[in-house]
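Asker: Okay, sequence plus prediction incoming.
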Amino acid sequence: MKFEYNSIIMLLKFKINYIIMELIFNNFNPWWRVQNVPTSLVGKPREVLDPLKKSLSLKQMTLITGLRRVGKTTLIFQLIDWLIREQNISPYNILYHSFDEARLYLENIVNYYQTTVLKQDLLQVDQIYIFLDEIQKLPGWSEQVKILYDMHPNVKITLSGSANLIMKAGSRESLAGRFFEYEINPLDFTEYLIFRNVEIDYSREAVFKQTIAIEFNQFLKTGGFIEALSFDDIQLVRYFKDSILERVTFRDIPEVFSISVPDLLLRLLNILAQRPGLYLDYKNLANDLKFDQRTINNYFDYLEYSFLIQKLYNFSPNLLTSERKLKRAYLANTGFTFSLASAMIFPKIVEQFWVNFLRAKYFYRSPQKDEVDMVLANNKITMPVEIKMRENISKKTAAPLLKFLHKFDQRRGLIISLQDETEISHDNKFIQVFPYWKYWSILDWLEREGIIRV
């Protein structure tokens, strides 16, 4: 009996080693065989690659977070390619594993890597680079990674994961001081044009107005996802639903949170696609959907936690008051809206884009129901912003912004229009108006005003 038991244990160990060998040698680390990263894995570099390169010289772990399909894995392969080609790191000193493909214990992976590839203990090598992709898929990952980090000062660890799910409550605290986080977003419009090989002189937007308008409309459909740039409309819809929205709602979120109705997550996303900027009345939604109000509240939190939606709070100088007041919600990417909405309403999708892109945290609605689409705020400046897709913007149109400026003692606001470009002033308050296609003028102006850093 004991012999049979030992035989079973040995067989299981053999199978585990065989699986690891197959994955590591045949799938995940081709540079061990060919001494470089295949060009098909590298892709076109993005600006965010430079700070990631610099992070590899730091002892602390590099944590790359972001939505599914945003390009985290490609960035990892670009880092590995850079280490081999430009830093002359031996390919054998670089280990990559994806837990999205195989959830193997980290100890087993490292042990097999030491004995089969390095042929020596990790501590006997000057510098090792370990890249662990979709790390949140590994049960108890933070403790396993913490042990590897603490026991091997010569190992540079880079982790990636889908959105905030990687940092579920507890993980961030247990790794405090041990990592620097880099959030990866979809392409912005400038990057989109570069990837599309569209040349535009940003200082002469009016000359390229038609091209900008056409490209911007397509950009909104793709949401800036690199894989989606070459898709037609039908392919885009399937891509966002199958590769991102359904995978996150039916797989990623349920793996982290105890939820009983994942289909409800997708229903909430569909509601926001039809009504961007929806005021979140949890009680009414609960009645309409026949669910408990607390469940609706929690499910919206899960969607926000996974970067699928963006919540805005009614602005107040007192941040605690803002948290308790009325909320609005948008989908976190215009590509999601395109894939779920029955029709694309251009003014609303442009509004959503600027809310998403500027990472707005606030809107404003007064007791008299004067409304401002978003409020951008930092330690020095508070600026109201409205999206008004109209040919002409009048002082009457700007009235809610002017009231906001007087109430909160601010000087400048912004309106993004369809065509109009002007400045509206009243009682030493100023509203700058730009057409939406003057994308770079808007960014330059916001940077000069101290609201954003480009």
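Answerer: Looks like it came in fine.
Asker: so how far does stretch 357-377 reach from one end to the other?
Answerer: End-to-end distance for stretch 357-377: 14 Å, by CA to CA, to the nearest Å.
Asker: ok, residues contacting it?
Answerer: Outside of stretch 357-377, the residues within contact range by CB atoms under 8 Å, 6 or more residues apart in numbering are 188, 277, 310, 312-315, 322, 326, 328, 351, 354-355, 382-387, 399-401, 403-404, 407, 446, 451-452. Placement of C-beta: from N, CA and C, glycine included.
Asker: cool, stretch 260-267 as well?
Answerer: 245-246, 249-250, 253-254, 259, 289, 291, 295, 299, 302-303.
Asker: Just the mean pLDDT for that stretch, thanks.
Answerer: Mean pLDDT, stretch 260-267: 96.
Asker: Any buried residues in that stretch, and which?
Answerer: Pro262, Leu264, Leu265, Leu266 (16 or more other CB atoms under 10 Å).
Asker: Mind checking which of the contacts of stretch 357-377 land in strands?
Answerer: Gln310, Leu312, Tyr313, Asn314, Arg328, Thr382, Met383, Pro384, Val385, Glu386, Ile387 (DSSP state E).
Asker: Out of these, who's the most crowded?
Answerer: Pro384 (29 neighbours; other CB atoms under 10 Å).
Asker: Does Gln78 touch Leu49 like I think?
Answerer: Yes: the pair Gln78 / Leu49 is scored as a contact, 5.7 Å apart, by CB atoms under 8 Å.
Asker: neighbour-wise, which of those two wins?
Answerer: Gln78 (21 against 15).
Asker: Contact partners for the more buried one?
Answerer: For Gln78, the contacting residues are Val42, Gly43, Pro45, Leu49, by CB under 8 Å, 6+ apart.
Asker: Can you check the distance spanned by stretch 392-411, start to finish?
Answerer: 22 Å.
Asker: now do stretch 368-380
Answerer: Criterion CA to CA; first-to-last residue distance in stretch 368-380 is 27 Å.
Asker: residues of that stretch that come out buried?
Answerer: Within stretch 368-380, the residues that count as buried by 16+ other CB under 10 Å are Val372, Asp373, Met374, Val375, Leu376, Ala377.
Asker: For these, name the two members farthest from one another.
Answerer: Among the buried residues of stretch 368-380, the pair separated by the greatest distance (CB to CB) is Asp373 and Ala377, at 14.0 Å.
Asker: now, which of the contacts of stretch 260-267 sits nearest Phe195?
Answerer: Of those, the one sitting nearest to Phe195 (CB to CB) turns out to be Leu245, at 22.5 Å.
Asker: separation between the closest one and Lys72?
Answerer: 18 Å (CB to CB, to the nearest Å).
Asker: So between those two, which is more surrounded?
Answerer: Set Leu245 next to Lys72 and count neighbours by other CB under 10 Å: Leu245 wins out with 24 against 20.
Asker: and Tyr149, how many residues sit next to it?
Answerer: By other CB under 10 Å, the residues close to Tyr149 number 19.
Asker: correct me, but it touches Leu159?
Answerer: No: using CB under 8 Å, Tyr149 makes no contact with Leu159, being 10.1 Å away.
Asker: Overlap in contacts, the two.
Answerer: With CB under 8 Å, 6+ apart as the test, Tyr149 and Leu159 both reach Met61.
Asker: what pLDDT, on average, does stretch 400-408 get?
Answerer: 96.
Asker: and for it, what are the contacting residues?
Answerer: Residues from elsewhere that reach stretch 400-408 (CB under 8 Å, 6+ apart): 317, 364, 366, 370-372, 375, 382, 384, 386, 395, 410-413, 415, 424, 426-427, 429, 431.
Asker: chain center to it: distance?
Answerer: 32 Å (CA atoms, centre = their mean, to the nearest Å).
Asker: mind listing the strands in the protein by residue range?
Answerer: 61-66, 94-98, 128-133, 155-162, 179-184, 278-279, 309-314, 327-331, 362-365, 371-377, 382-388, 412-417, 422-426, 429-435.
Asker: now these as TSV including distance to Pro347 and mean pLDDT?
Answerer: Below are the strands of the chain laid out as TSV (distance: least, CB to CB, whole Å; pLDDT from 0 to 100):
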stretch	distance to Pro347	mean pLDDT
strand 61-66	28	94
strand 94-98	41	95
strand 128-133	39	97
strand 155-162	31	93
strand 179-184	29	93
strand 278-279	16	96
strand 309-314	17	97
strand 327-331	14	98
strand 362-365	16	96
strand 371-377	11	96
strand 382-388	7	97
strand 412-417	10	98
strand 422-426	19	96
strand 429-435	13	98
